[in-house]
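Asker: Compute the structure for the input listed below.
(2 chains)
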Amino acid sequence: DAKTTQPNSMESNEEEPVHLPCNHSTISGTDYIHWYRQLPSQGPEYVIHGLTSNVNNRMASLAIAEDRKSSTLILHRATLRDAAVYYCILMYSGGGADGLTFGKGTHLIIQP
Amino acid sequence: NAGVTQTPKFQVLKTGQSMTLQCAQDMNHEYMSWYRQDPGMGLRLIHYSVGAGITDQGEVPNGYNVSRSTTEDFPLRLLSAAPSQTSVYFCASSYAGLGYTFGSGTRLTVV
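Answerer: Presented below is the predicted three-dimensional model:
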């Protein structure tokens, strides 16, 4: 399985944009890039996913490099509620039946 | 919709006891899975199911059994609890692998 690499932790200020990087240099052409986050004492929640093009939803944006070897999750205006562990996960097209493979993720700290 | 419901939220077991962690979803999702999360770690897959009557092992299946008699329910059984199984357990479900929905977890302590 292709692996992802994320920084252990990042810190940002409230109401500023946050860019969370993820490297996946061995990604295959059919792998989707998924992001989940886990708020303190809660289960993970789905954030966003994409294949090649940049994606936007109400929670975040996903910017995917042209060679697809890296991606960035963008929180446009961080709030204290965005403090969480963010996981970047690859899933092949049509996959997901066998669950998700979590790494250690990035612990995002938001300063007021 | 309730989403994914896990019960109980907290449990303390003695070594050697058995118990069942319940998981139910009301979204008609075919895919369901169980994870454990140890302190400071990411989630690890225990067992998963792609539909009623079909289950398979994940990364850390030893000491756990599952069954899937209905689409809605996916219980996780601890056969003989050990202190090493002290963890937070999460159940999740998904439609076709897109956007898994997780339960709020069961905090299990084995003494």
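Asker: switch to C-alpha atoms for all contacts and neighbour counts from now on
Answerer: Fine.
Asker: what's the pLDDT at residue 31?
Answerer: Here I'm looking at chain A. Reported pLDDT at A:Asp31 in the predicted model: 90.
Asker: you looked at the wrong chain, it should be chain B
Answerer: For B:Tyr31, the pLDDT comes out at 94.
Asker: Just give the number of residues close to it.
Answerer: 25 (other Cα atoms under 10 Å in any protein chain shown).
Asker: give me every residue that touches it.
Answerer: A:Ala97, A:Gly99, B:Tyr48, B:Ser49, B:Val50, B:Gly51, B:Ser93, B:Ser94, B:Tyr95, B:Ala96, B:Gly97 (Cα atoms under 8 Å, 6 or more residues apart in numbering or on different chains).
Asker: which regions of chain B lie under the pLDDT threshold?
Answerer: Low-confidence segments of chain B (pLDDT under 70): B:1.
Asker: What is the burial count for residue 95?
Answerer: Because you didn't say which chain, this covers chain A. 16.
Asker: wait, I meant chain B there
Answerer: B:Tyr95, neighbours per other Cα under 10 Å, totals 17.
Asker: and it, bridged to which residues?
Answerer: On the basis of DSSP bridges, B:Tyr95 is bridged to B:Leu98.
Asker: Ok, A:Thr5 next?
Answerer: Residues in beta-bridge contact with A:Thr5 (DSSP bridges): A:Asn23.
Asker: what's around it, how many residues?
Answerer: Close neighbours of A:Thr5, defined as other Cα under 10 Å, add up to 18.
Asker: Contacts only, for it.
Answerer: Neighbours of A:Thr5 in contact, by Cα under 8 Å, 6+ apart: A:Cys22, A:Asn23, A:His24.
Asker: By neighbour count, which of these wins?
Answerer: A:Cys22 (23 neighbours).
Asker: Determine the number of other residues adjacent to the residue of chain A found nearest chain B.
Answerer: Residue nearest to chain B within chain A (Cα to the nearest Cα): A:Gly96, separated by 4.0 Å. Residues within reach of A:Gly96, counting by other Cα under 10 Å, total 21.
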